[in-house]
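Chemist: My questions are about this predicted structure, shown below with the sequence.
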There are 2 protein chains.
Amino acid sequence: VAYRRIVLRRRPEGMPVPEDFEVVEDAVPTPDDGQVVVRHSHLGLAPAARIRMSADVEGYLPPLALGETVYGAAVGVVVDSRHPDLAVGDDVVSINGGWQTHDLTDGRNLRPVDLSVAPAPTWLGALGVSGLTAYVGLTDIARLEAGQQVVVSAAAGAVGSMVVQFARALDCRVVGVAGGPDKCRHVTQTVGADAAVDYRGGDLAGQLARACPEGVDVYFDNVGGAVRDAVWPLMNQYGRVVVCGQIAEYNRRTQEGSGPDWYPLLTKSLTVRGFLASRFQHRYDDFLRDASAWLRADRVVPTEFVVDGFERTPDAFIAMLAGRTLGKTVVAI
Amino acid sequence: VAYRRIVLRRRPEGMPVPEDFEVVEDAVPTPDDGQVVVRHSHLGLAPAARIRMSADVEGYLPPLALGETVYGAAVGVVVDSRHPDLAVGDDVVSINGGWQTHDLTDGRNLRPVDLSVAPAPTWLGALGVSGLTAYVGLTDIARLEAGQQVVVSAAAGAVGSMVVQFARALDCRVVGVAGGPDKCRHVTQTVGADAAVDYRGGDLAGQLARACPEGVDVYFDNVGGAVRDAVWPLMNQYGRVVVCGQIAEYNRRTQEGSGPDWYPLLTKSLTVRGFLASRFQHRYDDFLRDASAWLRADRVVPTEFVVDGFERTPDAFIAMLAGRTLGKTVVAI
């Protein structure tokens, strides 16, 4: 068995292409004292990885070096251990296992997972970083209250489909924004939003106004750009905008975007707040308790999209960025 | 003694002119059961009054009707009372006494003032709504912590000069932005900012960067526009922007402005939050306790700018909007 990893070969310009990545083979590493080797079974892909492929991202996680393994979560099993608390056979999820078949680590990026509670892909989606992101965004950042009006963009995506379901579980009304009639149908019928708005369907402002007759208390922004600008005038007094992702921006960071008028911030006492779920690990136990309970009660359904084959990871990543996947994009190795 | 009030005669286009206002004379009103008449001695002028002179301000306080008395705070004395808790001779401050010599009121807009603690103008400035605004913005909204880096725009203005002093009293470093060398000198020498930046002095971005070598943890935004755009790139991780005023916008609300790029909201986990001090009356007692203590200890100096003569109120208001006054603009009737 070889150790394979996918590294950044060159920095993408705009949308990544397969040639931006390269598979590198090596011998499977052996652990030193205090280390383990995890063999990955599944990788979780995240749009935010695109951010780190650009050279300069001020104030964010450092950019990937050329030749460095691409950043990402993974589920696997410990296959070699010289770590006091981790044994061969332990199932784990890693917040940064990376796009690789094996991970040599001191264990600090690992959490145990119980695969009898949910299968591996769900530990990367509904019970993984995507779920934690939706949960923290709605609770800590938006301070969502029952009965409020929620809009979420990229509602068919990994985080968005969890936002829809968690907000519903928290007794709110949810409108999901997605691209195209198929995704919109998915957002209402499978994910369970009260309504869906097709941002490719024309008259976005009119569609949104009709879908939100009581305005918007919380806008969960995964995309930025035109969708954000269309939701902005609908914000209610004391509205909150959760800035979780800016997918519309990831591929074009050679130029700066512009945001909406700030006047309503004042006249409506709005709050706009960006966050990174990775800085809310202290909320993981609360999240896992609530999300597991919602899964058991069928109030939340997992929405992972599984692609088979390690070598297809870059293609799956590109498909995800292009909006051709639904829910959390997971690679089964 | 006649009762005089200043009403909105027509809606200003851009900067108000004296002809937009009119003095109306009447007999001094007499109170009904549960009412008092307050004779005003001082009026406190606020840029936000300009907002309500425009016809449509979605989500804000309702616009002034033509012929309606202009909105504003006032200090006065009860001269006639049929109210159980208010006696003739009581000194009071009114959150909305209005631009008038007398106020017939049920008393709910009144608070007692102790003129031995501070003179009337200070109850409209440092101990009034301007002070409360600065206090709430720094504490409740920005959650300022000792040792942080603060920038405030319109730093020579009513709220800005209190922000500078309160933030200094809270052991922070403060950079004030103001227009012209005279105001900048005032901001450092009288108000006590650690540094001042002249937004008319050219190369605003460079000036700010040099004045803020450790970046900006809290930007207290009173103006919006170009100053905001220049501070934005300097925000530190977890930075907070307090949106307190958008003076740059008040006179030109026929067109929408555009805000800065949202990408840093995400990459720096920023929070941008608008507020109205009038909705934080529950903090008034805390504010008054702290601000009075700072005044007594000479850690804060009042910065009221007093204009004599009721009829000069519109001129004083226009001078304030044009930036020709320092600190809180107060009219002595």
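Modeler: Perfect, I can see it now. Since the structure is predicted, the reported quantities are computational estimates derived from the model, not experimental observations.
Chemist: pretty sure A:L144 contacts A:R168?
Modeler: No: counting by CB atoms under 8 Å, A:L144 does not reach A:R168; the two are 11.1 Å apart. C-beta coordinates here come from the backbone N, C-alpha and C atoms, glycine included.
Chemist: more neighbours, the two?
Modeler: Comparing A:L144 with A:R168 by other CB atoms under 10 Å in any protein chain shown, the one with more neighbours is A:L144, at 23 against 19.
Chemist: Apart from its neighbours in sequence, what residue is nearest that one?
Modeler: Nearest non-adjacent residue to A:L144, counting by CB to CB, 6 or more residues apart in numbering or on different chains: A:L138, 4.6 Å away.
Chemist: now A:T133
Modeler: Using CB to CB, 6+ apart, the closest residue to A:T133 is A:A277 (3.9 Å).
Chemist: returning to that earlier point: tally of neighbours for the residue nearest to A:L144?
Modeler: When neighbours are counted by other CB under 10 Å, A:L138 registers 25.
Chemist: Ok, A:A297 next?
Modeler: Other residues near A:A297 come to 9 when the count uses other CB under 10 Å.
Chemist: and the stretch 201-333 of chain A, which residues reach chain B?
Modeler: Taking CB under 8 Å from any CB of the partner chain, the part of the stretch 201-333 of chain A that reaches chain B is made up of A:221, A:224, A:228, A:236-237, A:243-246, A:249, A:253, A:256-276, A:279.
Chemist: Mind checking which of those residues are buried?
Modeler: A:221, A:224, A:228, A:236, A:243-246, A:249, A:253, A:257, A:259-276 (16 or more other CB atoms under 10 Å in any protein chain shown).
Chemist: Which ones among these lie within helices?
Modeler: Residues of those located in helices (DSSP state H): A:228, A:249, A:263-267.
Chemist: Among those residues, which pair sits farthest apart?
Modeler: A:E249 and A:T267 (26.5 Å; CB to CB).
Chemist: any idea which helix or strand of chain A has the worst average confidence?
Modeler: Every helix and strand of chain A was ranked by mean pLDDT, DSSP states H and E. The lowest is helix A:247-250, at a mean of 68.
Chemist: how long is stretch A:176-187 from one end to the other?
Modeler: Stretch A:176-187 stretches 7 Å from its first residue to its last (CA to CA, to the nearest Å).
Chemist: Stretch A:16-33 now?
Modeler: 38 Å.
Chemist: wouldn't A:V38 be in contact with A:A73 here?
Modeler: No: at 12.0 Å, A:V38 and A:A73 do not qualify as touching, with contact defined as CB under 8 Å.
Chemist: and the two? which has more neighbours close in?
Modeler: More crowded of A:V38 and A:A73, by other CB under 10 Å: A:V38, with 29 against 26.
Chemist: Check what pLDDT that one gets.
Modeler: We have a pLDDT of 98 for A:V38.
Chemist: For it, list each beta-bridge partner.
Modeler: A:V78, A:D103 (DSSP bridges).
Chemist: mind listing the strands for the stretch 101-250 of chain A?
Modeler: Taking DSSP state E, counting those that start in this stretch, the strands of the stretch 101-250 of chain A run over residues A:102-105, A:110-112, A:149-152, A:173-178, A:195-198, A:216-221, A:235-243.
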